[in-house]
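Student: take this sequence and fold it.
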Amino acid sequence: QLQVVESGGGLVQPGGSLRLSCAASGFSKDYPSIGWFRQAPGKGREGISCISSSGTITIYSDSVKGRFTISRDNAKNTVVLHMDSLKFEDTGTYYCAGRLGPGCSRAAGVYDYWGQGTEVTVSS
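Tutor: Got it, this is the predicted structure:
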């Protein structure tokens, strides 16, 4: 069964950068597509980025476009979300999720496998 585990959260000042990783395991043939989601305190879950199994398709929400970059290294079964120019409103719990299938999506409902989340706090 596919498993995904996030790492790399922490405390950063506004304007700073963080790198989140999502390690995938438990699949035998096709690499999973991966989505990144976040949930700010008191708010719903937001799909912010995704990447297809080959890495040829990437999608970003308007809230992170131009500041966040998603990439993958299939040899290491890892997807990285590089976050630059962080803002206070980027604070929240960040989750990666995996699915086996073509394309990628920012819709939470298409993902079957979720990590436990990693905390990102942007504060001065």
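
Student: show me the strands in this structure, by range?
Tutor: 3-7, 10-12, 18-25, 33-39, 45-51, 58-60, 68-73, 78-83, 92-99, 113-114, 118-122 (DSSP state E).

Student: what angle do the fourth one and strand 118-122 make?
Tutor: Same thing as strand 33-39. Angle of strand 33-39 versus strand 118-122, following axes from the mean of the first three to the mean of the last three Cα atoms, to 10 degrees, is 50 degrees.

Student: nearest to the spatial middle of this structure, which residue is it?
Tutor: Taking Cα atoms, centre = their mean as the criterion, residue 36 is the residue nearest the geometric centre of the chain, at 2.6 Å.

Student: now the strands of the chain in JSON lines, with distance to residue 105 and mean pLDDT?
Tutor: Backbone N, C-alpha and C define where each C-beta goes, glycine included. Shown next, in JSON lines, are those (distance: least, Cβ to Cβ, whole Å; pLDDT from 0 to 100):
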{"stretch": "strand 3-7", "distance to residue 105": "15", "mean pLDDT": "96"}
{"stretch": "strand 10-12", "distance to residue 105": "28", "mean pLDDT": "97"}
{"stretch": "strand 18-25", "distance to residue 105": "15", "mean pLDDT": "96"}
{"stretch": "strand 33-39", "distance to residue 105": "7", "mean pLDDT": "97"}
{"stretch": "strand 45-51", "distance to residue 105": "6", "mean pLDDT": "97"}
{"stretch": "strand 58-60", "distance to residue 105": "8", "mean pLDDT": "98"}
{"stretch": "strand 68-73", "distance to residue 105": "13", "mean pLDDT": "96"}
{"stretch": "strand 78-83", "distance to residue 105": "14", "mean pLDDT": "97"}
{"stretch": "strand 92-99", "distance to residue 105": "8", "mean pLDDT": "97"}
{"stretch": "strand 113-114", "distance to residue 105": "14", "mean pLDDT": "96"}
{"stretch": "strand 118-122", "distance to residue 105": "21", "mean pLDDT": "97"}
